[in-house]
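Asks: Please work out how this folds:
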Amino acid sequence: MHEYARSEPSTPPPRPYGLTPPASVDHLGRQRWTDAENGTFARGSHEIPFDEDGDVAPSDRVLPKTLPADADPITKIFFDYYRTERGYHPRSINSTTAWTATTPMSFFAFRQMTNIDMPAPRKALLVAGAEAHSRSYSEDVQATAPETVDLVIVPGADHVDLYDRKDLIPFDRLDEFFTKNLT
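Replies: Predicted coordinates for the structure are as follows:
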């Protein structure tokens with residue numbers, strides 16, 4: 001799992017002279033027709049994974065059934081939540097299956113900060129874990145609209161800790177924000 005805004009997800013190697021489409025675009029284009037012809041849809045990761053050779057590595061699960069010893073830190077924290085009793089649910093996409101293979105297309109179809117000023121002057125509250133791989137998203141939003149966005153960084157919390165770790169969720173800040181801004 002990778003960040004769209006900040007990370008360098010595993011990408012295919014550069015194509016000679018740029019004449020062929022990137023593997024991800026080619027894969028999604030072909031998958032759309034395969035889905036239409038079969039009357040079904042393929043499952044896939046939230047992001048399109050690539051193997052060491054730069055080829056698309058399709059999968060029918062977001063997370064593996066068992067955690068590999070060499071799993072990256074982000075996979076480890078999501079596995080610890082979605083694949084254990086802590087957050088597992090038999091109907092959860094992240095627990096048992098995968099997104100549709102074309103789900104990522106919408107993430108690439110628009111610039112995420114284009115309309116960031118639309119909610120102004122209404123306030124927004126973002127809460128991010130200090131150790132969260134996704135923290136940079138919230139920081140980018142807050143930096144883009146500092147008058148509109150309040151950002152709370154929770155020390156010691158990763159991304160999924162803020163799903164269920166009641167000892168880390170800043171309920172006092174949530175109460176303060178909603179009391180002030182929804183009255």
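Asks: Which residues outside stretch 166-183 are in contact with it?
Replies: For stretch 166-183, contacts defined as C-beta atoms under 8 Å, 6 or more residues apart in numbering pick out 122-123, 125, 127, 129, 150, 152, 154, 156-157, 161-162. C-beta coordinates here come from the backbone N, C-alpha and C atoms, glycine included.
Asks: Sort out which of the residues you listed are in helices and list them.
Replies: Members of these lying in helices (criterion: DSSP state H): 161-162.
Asks: And the contacts of stretch 166-183, which of them are buried?
Replies: Among the contacts of stretch 166-183, those classed as buried by 16 or more other C-beta atoms under 10 Å are 125, 127, 129, 150, 152, 154, 157, 161-162.
Asks: All the helices of the chain, residue numbers only.
Replies: 23-38, 73-82, 93-96, 105-108, 135-144, 161-164, 171-181.
Asks: Mean pLDDT lowest where, among those?
Replies: The weakest mean pLDDT among these belongs to helix 105-108, with a mean of 66.
Asks: and of the helices of the chain, who's closest to L63?
Replies: For L63, the closest of the helices of the chain is helix 73-82, at 5.4 Å, according to C-beta to C-beta.
Asks: If we ignore the residues flanking it in sequence, what's nearest L67?
Replies: F79 (4.8 Å; C-beta to C-beta, 6 or more residues apart in numbering).
Asks: and the one you found, how many neighbours?
Replies: By other C-beta atoms under 10 Å, 20 other residues sit near F79.
Asks: Isn't it up against P64?
Replies: Yes: applying C-beta atoms under 8 Å, one finds F79 in contact with P64, separated by 7.5 Å.
Asks: re the thing from before, quick one: the residue nearest to L67 from K65, how far?
Replies: 10 Å (C-beta to C-beta, to the nearest Å).
Asks: export the helices of the chain to a markdown table and tack on distance to D55?
Replies: Output for the helices of the chain, formatted as a markdown table (distance: least, C-beta to C-beta, whole Å):
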| stretch | distance to D55 |
| --- | --- |
| helix 23-38 | 7 |
| helix 73-82 | 20 |
| helix 93-96 | 24 |
| helix 105-108 | 19 |
| helix 135-144 | 29 |
| helix 161-164 | 33 |
| helix 171-181 | 45 |
